[in-house]
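Participant: 3D, please:
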Amino acid sequence: MPQINHLGIIMDGNRRWAKDNNLPAFEGHRHGYDKMKDAGDWCIKRGIKTLTVYAFSTENWNRAEEEVSYLMDLLHLGLTKEISQFMERGIRLKIIGSRGRLSDKLVKAIDEAEEFTKNNDKGTLNIALNYGGRLEIVEAVKKVLAGGVDPKDIDEKIISDNIWTAGQADPDLIIRTSGEQRLSNFLTWQSVYSELLFVKCHWPAFSEKDLDEAIEEFERRTRRFGGN
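Facilitator: Here you go, the predicted structure:
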């Protein structure tokens, strides 16, 4: 029976959930943030060692300035005032994505949170922030070339060793909520053999039961990785 060691989640539908519940969009994001923390606990209970969540894409800068500012403040809160919760749970935090366009205050919080939690070993939470899968590959190639590697020597392992999730296993399963059926630039390099599952509920409504059903669906699948 296949085991999920790394789970990726595209946390979609915060604003639609808020609209369905006659709430402002900010409330959708706040509930989505709380659900992210719940999901981390559920993963620990089920032996899922790595959780990667899509928090803010490189395309999300096109949203209203007020909404972007709220999201950044919410993330800053989690990385500073709530960092003790990650320590209590033994979770290592890693923020994947470009530091470009992030405020100095937020970059400082990211650096300190990663340093503070680096020795935690119960699990890893990757938060994809200002993240784009294609950008990740471009930045990895630039890093490799800047290191003096001859272009003819570049192979898949070298790229994998220089992406933002270097050293981590690729995701076994990626879940997207809210009914959309695409990856939207999420873990483009890492997802080539990931199982994909698209669920209809919006992210704030995602439940522990939904996670168990996703795990059951994953366990029913046969992963061939290109073989017979």
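Participant: please enumerate the strands of the protein.
Facilitator: 6-10, 50-57, 91-96, 123-131, 173-176, 195-198 (DSSP state E).
Participant: where does this protein dip in pLDDT?
Facilitator: For the chain, the stretches with pLDDT under 70 are 1, 225, 227-228.
Participant: if we go to 80?
Facilitator: By pLDDT under 80, the weakly predicted segments of the chain are 1-2, 223-228.
Participant: leaving out chain neighbours, which residue sits closest to the residue nearest the centre of it?
Facilitator: Centroid-nearest residue in the chain: residue 53, 2.2 Å away (criterion: Cα atoms, centre = their mean). Of all residues beyond its chain neighbours, the one nearest residue 53 is residue 9 (5.1 Å), with distances taken as Cβ to Cβ, 6 or more residues apart in numbering. All C-beta spots, glycine's among them, are computed from the backbone N, C-alpha and C.
Participant: burial count for the one you found?
Facilitator: Residues near residue 9, counting by other Cβ atoms under 10 Å, number 26.
Participant: could you do residue 221 as well?
Facilitator: Using other Cβ under 10 Å, residue 221 has 11 neighbouring residues.
Participant: isn't it right up against residue 4?
Facilitator: No - Residue 221 is not in contact with residue 4 according to Cβ atoms under 8 Å; the separation is 11.1 Å.
Participant: circling back to that earlier point, hey, which of the strands of the chain is tucked in deepest?
Facilitator: Mean neighbour count, computed with mean count of other Cβ atoms under 10 Å, is highest for strand 6-10 among the strands of the chain, reaching a mean of 25.
Participant: tell me what angle that one forms with strand 123-131.
Facilitator: Counting by axes from the mean of the first three to the mean of the last three Cα atoms, to 10 degrees, strand 6-10 points 40 degrees away from the direction of strand 123-131.
Participant: going forward, count from 58.
Facilitator: Sure, I'll start counting at 58 from here, so that last one is strand 63-67.
Participant: now for the longest helix seen in the chain, which elements pack on it?
Facilitator: Ranked by residue count and defined by DSSP state H, the top helix of the chain is helix 82-102. The contact analysis (3 or more Cβ pairs under 8 Å, 6 or more residues apart in numbering; DSSP states H and E) places helix 82-102 against helix 71-77, strand 107-114, helix 122-136, helix 140-146, strand 180-188, helix 265-277.
Participant: list the contacts of it.
Facilitator: Here helix 82-102 makes contact (Cβ atoms under 8 Å, 6 or more residues apart in numbering) with 64, 66, 68, 70-76, 78, 108, 110, 112, 124, 127-128, 131, 135, 142, 146, 148, 179-180, 182, 259-261, 263, 265, 268.
Participant: taking those, please make a PyMOL selection of just the buried ones.
Facilitator: Buried subset of those, written as a PyMOL selection, criterion 16 or more other Cβ atoms under 10 Å:
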select buried, resi 64+66+68+70+71+72+73+74+75+108+110+112+127+128+131+135+146+148+180+182+259+260+261+263+268
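Participant: quick one: residue 129 from residue 90, how far?
Facilitator: Plainly put, residue 129 is 12 Å away from residue 90 if you go by Cβ to Cβ, to the nearest Å.
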